[in-house]
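Asks: take a look and give me a structure for this.
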Amino acid sequence: MTTIAFIGLGNMGNPMAANLVKAGHAVTGFDLVADSLATAEKNGVAVAANAGAAIEGADVVITMLPAGKHVLSVYADLAPKAKKGALFIDSSTIDVDSARKAHAIAAEHGLLSIDAPVSGGTGGAAAGTLTFMAGGSRDAFALAEPVLKPMAGRIVHCGDAGAGQAAKICNNMILGISMIGVGEAFVLAEKLGLSHQALFDVASTSSGQCWSLTTYCPVPGPVPNSPANRDYKPGFAAALMLKDLKLAQEAAQSAGAVTPLGAEATQLYALFNAQGHGGTDFSGIIRFLRGEAG
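Replies: Predicted coordinates for the structure are as follows:
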């Protein structure tokens, strides 16, 4: 049994913490939202009055927070108070620069750290099948891997500090672009009188196949578990997709990489969000492509 502090018990953090409890770990959590704390408590997480209290005696500190500024603030506050030899794991999706700064804060206090953002959405968090993309030293990864396993379907060590975040934003840029491409194909098929099922049956077994089509199909019917069958109730909200695409564009600008499709996807999701659909699943972008979302 490992003593774990979990800071950030939102839509992703809560089911992740619950899976750690199910695996037999002692988990103490904190979140600024009272409802999130109540849910965590029902899931067997011990609730702390604040983040500092949550990490008392913790072998591992996991953070799942909205942005880099929040991660850096929490690391600056908690690293000096952490148990000697504690491991810090950040599973937030943040910019690479902030991730590296968080590693530096941990190192200043003699702590090992991993940036380990996830892919798989709320469904993967609940099922314990998330993909973790980890950045950090081999020693830190060796300590982190058994802690991550109850929450994971796959864990990949991507490289040194910040490499996990780099992998995440590259992956999600692919995802954002591919979902727009799949959505455009279905909109064209509709105009040409081709049924959703016919296009799916062909493309899902041909060169057009991709995750956005075969697992997260943006039209109802062909993939019963996709959000399209639930009026685009989010598994991964459009606002979060826009956040990740912006992170990718910031990284591309910093690195001098040319990403024209990534830039166009960012603009399309920005327009979709500006129309008030940030809380819609990102696959709902097909409504925008049809001209329905306005």
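
Asks: the stretch 101-250 of the chain: helices as residue ranges?
Replies: Assigned by DSSP state H, counting those that start in this stretch, the helices in the stretch 101-250 of the chain fall at 121-127, 138-148, 163-191, 196-203, 211-214, 238-255.

Asks: which one of those helices lies closest to residue 56?
Replies: Taking C-beta to C-beta, helix 138-148 is the member of these nearest to residue 56, at 18.0 Å. In short, each C-beta sits where N, CA and C put it, glycine included.

Asks: packing partners for that closest one?
Replies: Packing partners of helix 138-148 (3 or more C-beta pairs under 8 Å, 6 or more residues apart in numbering; DSSP states H and E): strand 60-63, strand 87-90, strand 112-115, strand 130-135, strand 152-159.

Asks: mind putting the helices of the stretch 101-250 of the chain in JSON lines, mean neighbour count, distance to residue 230 and mean pLDDT included?
Replies: Output for these, formatted as JSON lines (neighbours: other C-beta atoms under 10 Å; distance: least, C-beta to C-beta, whole Å; pLDDT from 0 to 100):
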{"stretch": "helix 121-127", "mean neighbour count": "18", "distance to residue 230": "12", "mean pLDDT": "90"}
{"stretch": "helix 138-148", "mean neighbour count": "18", "distance to residue 230": "29", "mean pLDDT": "98"}
{"stretch": "helix 163-191", "mean neighbour count": "21", "distance to residue 230": "16", "mean pLDDT": "97"}
{"stretch": "helix 196-203", "mean neighbour count": "16", "distance to residue 230": "16", "mean pLDDT": "98"}
{"stretch": "helix 211-214", "mean neighbour count": "19", "distance to residue 230": "17", "mean pLDDT": "97"}
{"stretch": "helix 238-255", "mean neighbour count": "20", "distance to residue 230": "15", "mean pLDDT": "96"}
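
Asks: any chance of TSV for these, columns distance to residue 271?
Replies: What follows is the helices of the stretch 101-250 of the chain, written out as TSV (distance: least, C-beta to C-beta, whole Å):
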stretch	distance to residue 271
helix 121-127	23
helix 138-148	36
helix 163-191	12
helix 196-203	24
helix 211-214	19
helix 238-255	10
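
Asks: out of those, nearest to residue 20?
Replies: In terms of C-beta to C-beta, the element of these nearest to residue 20 is helix 138-148, at 7.7 Å.
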